[in-house]
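*Asks:* Structure, please.
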Amino acid sequence: MSTNRLREKLEQGQVALGGWCSTASPFAAEILGETGYDYVCIDTQHGLIDYDAMWPMLQALRGTGATPVVRVPVNRTEWPGKALDAGAEAVIVPMVNSREDAERAAAACRYAPVGLRSYGPVRSSGLLGSDPATVNAQVMCLVMIETVTALENAEAICSTPGVDGVYIGPADLAISLGVPLAEMGIAAAHVDAIAHIKSVCLARGRFIGIHTGGGSQARAYAEQGFQMCTVGTDASIFRATVRDHLAAARSTGSAERAAGSANPYV
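*Replies:* Here you go, the predicted model:
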């Protein structure tokens, strides 16, 4: 049986860098995983991914070394269990605004007696195993703090048993605070809110993660003490790369600057 390498890395005090899939493509998930990310999250909340597309993506990640993570669409008991049964090793639960919300999310991720997860590891038994106590210790429940209400209840959320960590949604947090999206990470209210969540989370011995807009921002957050930093989405990386290549192709003198022969396939 395998172990949750993301949990191991975080427990060792290392920073985990992650990729994010918003498109329903096992190949995209596989590429992100084999490129070197520590974890890859399959987004079934805002991404274009349903259950039938999700599990082949988890399957594609199996041989890559990246820990498979799923953001479920809503905080309902059945969703984390379905994601974990399909092969996820960590679940991100959105819009957790209170201790009650956090308790619901945590219970959905664990088998009895500590949780409410129904037993039926059809696929996951070949991954983290089938022993309930062993699996309970391996899987991770990450709840999202991304509203003013959740910010006010951060202490209660972070102290909820079974919650392994918090994953900050900076865009929803900015909107909830009344901060323009263009000022995320710049406006004092947004910066202070993120710092407060991180402080409370770490004080309670929970892991802290955040969605970022790219490598430089991910590095900056890691240096601030964040342990999980997602380095953009597949769609954003694709758009940025296409723009860069088109700009280079259309720029004057590009032919003279080119040297050698680049492989167009890898």
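
*Asks:* which residue sits closest to residue 120 in space, ignoring its chain neighbours?
*Replies:* Spatial nearest neighbour of residue 120, excluding adjacent residues (Cβ to Cβ, 6 or more residues apart in numbering): residue 85 at 6.1 Å. Bear in mind the C-beta positions are built from the backbone N, C-alpha and C, glycine included.

*Asks:* I should have written residue 51 there, sorry.
*Replies:* Of all residues not flanking residue 51 in the chain, residue 82 sits nearest, at 6.6 Å (Cβ to Cβ, 6+ apart).

*Asks:* What of residue 34?
*Replies:* With Cβ to Cβ, 6+ apart, the residue lying closest to residue 34 is residue 64, at 4.6 Å.

*Asks:* Likewise for residue 66?
*Replies:* residue 33 (3.8 Å).

*Asks:* what packs against the host helix or strand of the one you found?
*Replies:* Here residue 33, judged by DSSP states H and E, is contained in helix 26-35. Applying 3 or more Cβ pairs under 8 Å, 6 or more residues apart in numbering; DSSP states H and E, we find helix 26-35 packed against strand 16-21, strand 39-43, helix 51-61.

*Asks:* Now the last one: buried residues?
*Replies:* Along helix 51-61, these residues count as buried under the neighbour rule (16 or more other Cβ atoms under 10 Å): 53-55, 57-61.

*Asks:* now swap in stretch 202-217 and tell me
*Replies:* Under 16+ other Cβ under 10 Å, the buried positions of stretch 202-217 are 202, 204, 206-213, 217.

*Asks:* Next, format these as JSON lines and append distance to residue 110.
*Replies:* Below are the buried residues of stretch 202-217 laid out as JSON lines (distance: Cβ to Cβ, whole Å):
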{"residue": "202", "distance to residue 110": "23"}
{"residue": "204", "distance to residue 110": "18"}
{"residue": "206", "distance to residue 110": "16"}
{"residue": "207", "distance to residue 110": "16"}
{"residue": "208", "distance to residue 110": "21"}
{"residue": "209", "distance to residue 110": "20"}
{"residue": "210", "distance to residue 110": "24"}
{"residue": "211", "distance to residue 110": "25"}
{"residue": "212", "distance to residue 110": "29"}
{"residue": "213", "distance to residue 110": "33"}
{"residue": "217", "distance to residue 110": "33"}
